[in-house]
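# Sharing a model prediction with you, sequence too.
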2 protein chains.
Amino acid sequence: MSKSAKARSTEAVASAPTETVRDRILNTARDLFYRHGINSVGVDTVVAQSGVAKTSLYRWFPSKDALIVAVLEKEAEDRWAGWDYTAARSGTDPRERLRAQLAGIVKFVTGPKYRGCPFMNVTAEFADAQHPARQVAREIMEELRRRVRALVNDLNVPDPQTLTEQLVMLIDGAFSSAQVFGKEGPHLLLVAAADALVDAQLVKGREAR
Amino acid sequence: MSKSAKARSTEAVASAPTETVRDRILNTARDLFYRHGINSVGVDTVVAQSGVAKTSLYRWFPSKDALIVAVLEKEAEDRWAGWDYTAARSGTDPRERLRAQLAGIVKFVTGPKYRGCPFMNVTAEFADAQHPARQVAREIMEELRRRVRALVNDLNVPDPQTLTEQLVMLIDGAFSSAQVFGKEGPHLLLVAAADALVDAQLVKGREAR
DNA sequence: CAGAGACGATACAGACCTGTCTGTTCGAGA
DNA sequence: TCTCGAACAGACAGGTCTGTATCGTCTCTG
């Protein structure tokens, strides 16, 4: 038993390079929280699944709330990494760059393991808007807003502020409707809907000119 | 004690006409579930708040799950009543009738007591898609889809199916973004965004003609 | 007036939750 | 070799949850 534990901590370097105890807890919690909901997963389950002692969990995270916040931040980190990856791969045409990000979102919400936007789920699960997890979730959604705005700024539309808000609303709608309706939901039309909104502003801009 | 209980059950007819024990439980549960989240409210709290015995709750509802389902159905009942009310008040112009419903939704999500769409919240709170509460929630969202479709059908657009899905996505986005962002969210632009999508289809229809 | 049933009050079982505490093992550095 | 900290193992406290069981009271109906 102690032998296998020893072997794991040694060989783990090869299989999962330098995955610390903290990371193991964090990754396990992230997976469990997302799959079953935060309130449905106790710390004991996280401890058991990550093969770690309870004392270790509470050494690295002072409370379950702190763990939740850390999980959300890691979730956001990965999301923005994906965003940046898509940004780097998409060309120079502003319109295409926006489409690429939206297509990325569609791909995300149609994935087999999709179970809703983690940040919206946390907002639904914790009624208290002052809860630290909700504060983090809100900040992340604001960041999404800023990133959409940056894309919209390059489109040369007459009212970028309005278009940004409308696109964010569409994106939020894609997140939630994919969760509610599953495979065959409205979210499949996200790119088309966004295109229509952009066109509407471009037409308006041309008329005004 | 027994005197006051007697008086209540008699005078209650005047104050809240024939509010049965079942209704009292249902209304209290609805309020508590919505305000604090379903999983955060125990049956004991519902019992205490509604001034009823626990045995009564379990007489009328075989389990908490059954109570949740009943609450959601009542919630839906009221929502459709509001929809029909708006429909009856709005004129004959299809475009205006759609706008009226969307404006009603904006009014709903900007209300001071708004804490998210109950049916989306339940979807986030219960990870298991087979949970009875989620089944009900999904059916209600499908009904919303059908009602939007009925409005779109009168608009004479070339692709009512697509427009319906896009509008539903917008509506879902309004529900969730209002919850995340609070007062100053994208949801304020719901009517304008929907207008843009409708226009886009009407323009396309004219071009094809 | 008598029986039936709705209701209130409350104790209880059994499970689960978060967070603490004690004691042990093991490896790395002084 | 000795020491110290990280990690493991597991018991525990104090609270919450759902659902059941018990018992007494009220009200209506025949």
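Perfect, I can see it now.

# from here on, contacts and neighbour counts on C-alpha atoms
OK.

# Run through the residues that contact whichever residue of chain A sits closest to chain B.
Among all residues of chain A, A:Gly173 sits closest to chain B, at 3.4 Å; criterion: C-alpha to the nearest C-alpha. By C-alpha atoms under 8 Å, 6 or more residues apart in numbering or on different chains, the contact set of A:Gly173 is A:His187, B:Val168, B:Met169, B:Leu170, B:Ile171, B:Asp172, B:Gly173, B:Ala174, B:Ser176.

# Quick check: closest non-adjacent residue to it.
B:Gly173 (3.4 Å; C-alpha to C-alpha, 6 or more residues apart in numbering or on different chains).

# one step back: the residue of chain A closest to chain B and DNA strand D, how far apart?
In this view, A:Gly173 and DNA strand D are 30 Å apart by C-alpha to the nearest atom of the strand, to the nearest Å.

# again with A:Leu197
From A:Leu197 to DNA strand D the distance is 44 Å (C-alpha to the nearest atom of the strand).

# what does A:Ala81 give?
A:Ala81 is 27 Å from DNA strand D, by C-alpha to the nearest atom of the strand.

# ok, now A:Phe175?
To DNA strand D, A:Phe175 is 28 Å away according to C-alpha to the nearest atom of the strand.

# ditto for A:Ala133
For A:Ala133, the distance to DNA strand D (C-alpha to the nearest atom of the strand) stands at 20 Å.

# residues in contact with that residue?
Contacts of A:Ala133 (C-alpha under 8 Å, 6+ apart): A:Asp65, A:Ile68, A:Val69, A:Leu72, A:Val122.

# hmm, try it at 7 Å
A:Ile68, A:Val69 (C-alpha atoms under 7 Å, 6 or more residues apart in numbering or on different chains).

# Kindly report the same for A:Leu102.
A:Val191.

# Let me know the secondary structure of it.
A:Leu102 falls in the helix class when you classify it by DSSP: H, G, I helix; E, B strand; the rest coil.

# same deal with A:Lys183?
coil.

# Just want the phi and psi numbers for it.
Main-chain torsions, A:Lys183, degrees, to the nearest 10: phi -60, psi -50.

# Please list the residues of chain A that sit near DNA strand C.
A:2-3, A:6, A:39-45, A:54-55, A:58, A:62-65 (C-alpha under 7 Å from any atom of the strand).

# Which ones among the residues you listed also lie next to chain B?
Near chain B, judged by C-alpha under 7 Å from any C-alpha of the partner chain, there are no entries from these.

# What strand or helix carries the nearest residue to A:Leu167 once chain neighbours are set aside?
Closest residue to A:Leu167 apart from its sequence neighbours, by C-alpha to C-alpha, 6+ apart: A:Ala194 at 6.4 Å. Take DSSP states H and E as the rule and A:Ala194 turns out to sit in helix A:190-208.

# which residues touch that helix?
A:Arg99, A:Leu102, A:Ala103, A:Val157, A:Pro158, A:Leu167, A:Leu170, A:Ala174, B:Gln166, B:Ala196, B:Leu197, B:Ala200.

# Of those residues, which is the nearest to DNA strand C?
A:Ala174 (29.8 Å; C-alpha to the nearest atom of the strand).

# okay, now the closest one: neighbour count?
A total of 31 residues lie near A:Ala174 under the criterion other C-alpha atoms under 10 Å in any protein chain shown.

# Repeat that for A:Ser177.
Neighbour tally, A:Ser177, other C-alpha under 10 Å: 28.

# Which residues are in contact with it?
A:Ser177 makes contacts with A:Gly185, A:Pro186, A:His187, B:Met169, B:Asp172, as judged by C-alpha under 7 Å, 6+ apart.

# sec struct for it, please.
A:Ser177 is classified as helix under three-state DSSP.

# Okay, it and A:Ser90: tell me how far apart.
Distance, A:Ser177 to A:Ser90, using C-alpha to C-alpha, to the nearest Å: 26 Å.

# Residue numbers of chain A in contact with chain B?
Close to chain B, as judged by C-alpha under 7 Å from any C-alpha, chain A has residues A:35-37, A:121, A:123-125, A:127, A:138, A:165-166, A:168-174, A:176-177, A:180-181, A:186-187, A:189, A:193, A:196-197, A:200.

# Show me which of these are buried.
A:35-37, A:121, A:123-125, A:127, A:138, A:165-166, A:168-174, A:176-177, A:180, A:186-187, A:189, A:193, A:196-197, A:200 (16 or more other C-alpha atoms under 10 Å in any protein chain shown).

# rewinding a little: what's the farthest-apart pair in the contacts of helix A:190-208?
Farthest pair in the contacts of helix A:190-208 (C-alpha to C-alpha) is A:Pro158 and A:Ala174. Separation: 25.2 Å.

# Fine by me, we can end here.
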